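> task: produce atomic coordinates for the following.
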Amino acid sequence: MSSTDKLDFEIDTAYPHTVKKFELIEKYATEWAVKLLNFGKSKGIIFIDCMSNCGHYVNINGEDVYGTPVRVARELSLLADANPSKTITVYFNDISQRKISYLQTLLPQNQKNFLINLSHIDGNDLLKRVHAELPPNTNCLLVYDPYEAAIDWSALAPFLNIWGEVIVNHMVSDSKRGVSQARRPAALAKYGATYQKSIEELRFFSGTKDAFEQRIQNIIIESRGQDKKGYFISSFPFFNRKNQVVYNLIHCSGNIKGRRLFKKIAWDTFGGKSSLKDTHGKENQFILDFENDGEQVMQTDDHCYYVQDIAQYIYDAYKGRASVALGEIYALLDDHPIFPSDGYKTKIKDELKKRYNAHVSTTTITFC
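Coordinates of the predicted model:
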């Protein structure tokens with residue numbers, strides 16, 4: 001008999017794109033924690049997953065899969081053992097008391113410097129409470145993962161304005177399907193609150209590529225008030241088996257190192273590209289760019305970039321220039337919301353040499 005047979009709620013299925021989401025957040029939270037715990041001035045970290053579910057799923061083959069809270073808690077517990085002078089505090093919440101009670105059975109035990117806080121209230125209410133109690137200059141990572149396109153900006157915005165990282169799961173599939181059909185007052189209010197637009201305005205979004213995603217990013221920037229410079233947002237799409245976008249995972253940070261790390265881990269999670277979209281081999285095909293005298297360029301899919309797209313981007317920025325400092329090139333990639341430099345420098349340089357005959361030295365690149 002399975003350990004879940006006697007549960008009085010249903011264990012959800014985690015489809016491949018959801019499992020990848022778990023993997024990405026787990027890897028990012030772990031490496032984020034390692035960097036901060038190794039920083040001498042840091043006294044500790046706080047991790048928040050305010051919409052945790054029960055932490056246990058089955059994949060499409062019926063095999064057990066653990067979600068974000070279980071994965072992250074187990075990694076952070078090990079880091080607490082290795083860093084006894086630092087304090088790690090985590091918050092896990094679900095509106096269902098039964099799911100939180102079950103989640104508790106899957107989590108490691110509290111330690112002197114590792115404390116798990118469990119609650120079963122509205123996730124937005126939890127955020128308002130936690131933010132009011134946060135010590136100053138706290139290094140915090142918040143995962144905001146609603147089951148639909150529902151964002152309470154009054155709860156989320158304060159975390160966008162503190163020193164820390166925020167990951168938002170934007171359920172764009174819900175909006176693309178639901179906005180055009182919304183008639184009930186609750187649905188109209190949900191979409192209006194999430195996108196800060198009237199339903200009439202949002203219905204124009206449905207036929208425009210990435211309009212919902214761009215609106216979310218605009219609200220994030222607007223929520224910063226006067227402090228809009230030096231804030232970094234990256235977004236990666238997750239595709240289902242029908243090759244349709246289900247959601248975008250949006251990473252927000254006031255530190256370029258946060259963006260740099262998130263981009264690297266996202267590309268690693270997707271196997272060296274920016275998503276798991278099936279591009280059907282078109283990424284290896286050339287097309288003629290008539291705006292540049294019919295020059296041959298690689299086909300690019302804005303929802304799934306490859307290393308050759310990074311190389312093309314760099315070449316377009318510097319073609320004809322000699323002795324461009326590597327630091328300048330990597331700074332260009334830091335500014336890009338999707339393209340990584342960390343972890344991909346050798347592959348990028350190899351692609352530039354192979355495809356564009358670039359001359360690469362230890363400190364510069366010359367573009368023919």
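> just the C-alpha atoms of stretch 263-279, please, in PDB.
What follows is stretch 263-279, C-alpha atoms only, in PDB (Å, rounded to 0.1, in the frame of the first residue of the first chain):
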ATOM      1  CA  LYS A 263      20.100  32.500 -16.100                       C
ATOM      2  CA  LYS A 264      22.900  30.000 -15.800                       C
ATOM      3  CA  ILE A 265      20.800  27.500 -13.800                       C
ATOM      4  CA  ALA A 266      17.800  27.900 -16.200                       C
ATOM      5  CA  TRP A 267      19.900  27.100 -19.200                       C
ATOM      6  CA  ASP A 268      21.500  24.200 -17.400                       C
ATOM      7  CA  THR A 269      18.100  22.900 -16.400                       C
ATOM      8  CA  PHE A 270      16.900  23.000 -20.000                       C
ATOM      9  CA  GLY A 271      20.000  21.200 -21.300                       C
ATOM     10  CA  GLY A 272      22.000  24.200 -22.600                       C
ATOM     11  CA  LYS A 273      19.100  26.200 -24.100                       C
ATOM     12  CA  SER A 274      16.500  28.700 -22.800                       C
ATOM     13  CA  SER A 275      13.500  26.400 -22.700                       C
ATOM     14  CA  LEU A 276      12.200  22.900 -23.600                       C
ATOM     15  CA  LYS A 277      10.200  24.100 -26.600                       C
ATOM     16  CA  ASP A 278      10.500  21.700 -29.500                       C
ATOM     17  CA  THR A 279      12.000  23.800 -32.300                       C
END
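> and that stretch, which residues are buried?
Applying a neighbour-count criterion of 16 or more other C-beta atoms under 10 Å, one finds 263-267, 269-270, 273-277, 279 buried in stretch 263-279. (Each C-beta comes from the backbone N, C-alpha and C, glycine too.)
> mind checking which of the residues you listed are in strands?
Per DSSP state E, strands hold no members of these.
> distance to residue 89 and pLDDT for the residues you listed - can I get that in JSON lines?
Below are these laid out as JSON lines (distance: C-beta to C-beta, whole Å; pLDDT from 0 to 100):
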{"residue": "263", "distance to residue 89": "27", "pLDDT": "98"}
{"residue": "264", "distance to residue 89": "26", "pLDDT": "98"}
{"residue": "265", "distance to residue 89": "23", "pLDDT": "98"}
{"residue": "266", "distance to residue 89": "26", "pLDDT": "98"}
{"residue": "267", "distance to residue 89": "30", "pLDDT": "98"}
{"residue": "269", "distance to residue 89": "26", "pLDDT": "98"}
{"residue": "270", "distance to residue 89": "31", "pLDDT": "98"}
{"residue": "273", "distance to residue 89": "35", "pLDDT": "98"}
{"residue": "274", "distance to residue 89": "33", "pLDDT": "98"}
{"residue": "275", "distance to residue 89": "33", "pLDDT": "98"}
{"residue": "276", "distance to residue 89": "33", "pLDDT": "96"}
{"residue": "277", "distance to residue 89": "37", "pLDDT": "96"}
{"residue": "279", "distance to residue 89": "42", "pLDDT": "90"}
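> let me know the closest of those residues to residue 91.
Closest to residue 91 out of the buried residues of stretch 263-279 is residue 265 (22.2 Å), distances taken as C-beta to C-beta.
> how far away is the closest one from residue 24?
6 Å (C-beta to C-beta, to the nearest Å).
> for residue 277, same thing?
Separation of residue 277 from residue 24 (C-beta to C-beta): 15 Å.
> can you pull the phi and psi angles for the closest residue to residue 323 other than its chain neighbours?
The shortest distance from residue 323 to any non-neighbouring residue, by C-beta to C-beta, 6 or more residues apart in numbering, is to residue 364 (4.4 Å). Taking degrees, to the nearest 10, you get phi -140, psi 170 for the backbone angles of residue 364.
> related to what we said a few turns ago, tell me the one of the buried residues of stretch 263-279 nearest residue 232?
Minimum distance to residue 232 across those is 9.7 Å, recorded for residue 263 (C-beta to C-beta).
> just checking, that closest one touches residue 339?
Yes: look at residue 263 against residue 339 with C-beta atoms under 8 Å: they come within range, at 7.1 Å.
> average pLDDT across stretch 303-310?
Taken as a whole, stretch 303-310 has an average pLDDT of 96.
> same deal with stretch 115-128?
Average pLDDT, stretch 115-128: 98.
> what are the ranges of the helices in the protein?
Taking DSSP state H to define them, one finds helices in the chain at 16-37, 68-82, 97-106, 123-133, 153-160, 172-178, 185-195, 199-205, 211-222, 256-269, 307-318, 326-335, 345-356.
> in JSON lines: those helices, plus distance to residue 10.
Putting the helices of the chain into JSON lines (distance: least, C-beta to C-beta, whole Å) gives the following:
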{"stretch": "helix 16-37", "distance to residue 10": "15"}
{"stretch": "helix 68-82", "distance to residue 10": "18"}
{"stretch": "helix 97-106", "distance to residue 10": "10"}
{"stretch": "helix 123-133", "distance to residue 10": "20"}
{"stretch": "helix 153-160", "distance to residue 10": "27"}
{"stretch": "helix 172-178", "distance to residue 10": "20"}
{"stretch": "helix 185-195", "distance to residue 10": "23"}
{"stretch": "helix 199-205", "distance to residue 10": "32"}
{"stretch": "helix 211-222", "distance to residue 10": "29"}
{"stretch": "helix 256-269", "distance to residue 10": "27"}
{"stretch": "helix 307-318", "distance to residue 10": "41"}
{"stretch": "helix 326-335", "distance to residue 10": "44"}
{"stretch": "helix 345-356", "distance to residue 10": "43"}
